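# compute the structure for the input listed below.
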Amino acid sequence: MRNTYLVTYDICNDKRLRKVFRLVRNYGDHLQYSVFECQLNPIDLAKCQHELNAIIKHSEDQVLFINLGPSEGRGEQAISAIGKPYTPLLAPCIVV
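Presented below is the predicted three-dimensional model:
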């Protein structure tokens with residue numbers, strides 16, 4: 001069974017930041033700068049976390065996985081915003 005996770009990160013080095021971005025975008029949808037929505041089964045979750053472990057510097061960087069519950073039966077995505085309105089990205093995001 002897949003769960004929906006909010007994955008967010010704070011990476012202190014630009015090179016590691018680009019690597020983390022590229023990795024996490026393979027697992028989910030880019031919502032905002034360092035925030036992704038990922039629908040992961042337990043194997044994908046473990047694989048993503050294992051790959052991130054090899055990239056980040058544990059004394060400086062942080063990656064959070066916020067479990068939002070089962071993907072099935074969640075209904076439509078419910079994202080509300082304060083300030084600028086949330087608009088989903090329709091084109092891929094490229095970080096250089």
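
# tell me the phi and psi of residue 24?
When quoted as degrees, to the nearest 10, the phi and psi of residue 24 stand at phi -70, psi -30.

# helix or strand: which one has the spatially closest residue to it that is not a sequence neighbour?
In this structure, residue 24 finds its nearest non-sequential neighbour in residue 36, 5.0 Å apart by Cβ to Cβ, 6 or more residues apart in numbering. Just so you know, the C-beta spots here come from the backbone N, C-alpha and C atoms, and that holds for glycine as well. Per DSSP states H and E: residue 36 is located in strand 35-40.

# residues of the very next helix or strand once past that strand that come out buried?
Beyond strand 35-40 on the C-terminal side, the first helix or strand identified by DSSP H and E is helix 42-55. Buried residues in helix 42-55, counted by 16 or more other Cβ atoms under 10 Å: 44-45, 48, 52, 55.

# over to stretch 33-43 now: how far is its first residue from its last?
26 Å (Cα to Cα, to the nearest Å).

# what's around residue 21, how many residues?
Residues lying near residue 21 (other Cβ atoms under 10 Å) number 19.

# which SS class is it?
What DSSP: H, G, I helix; E, B strand; the rest coil gives for residue 21 is helix.
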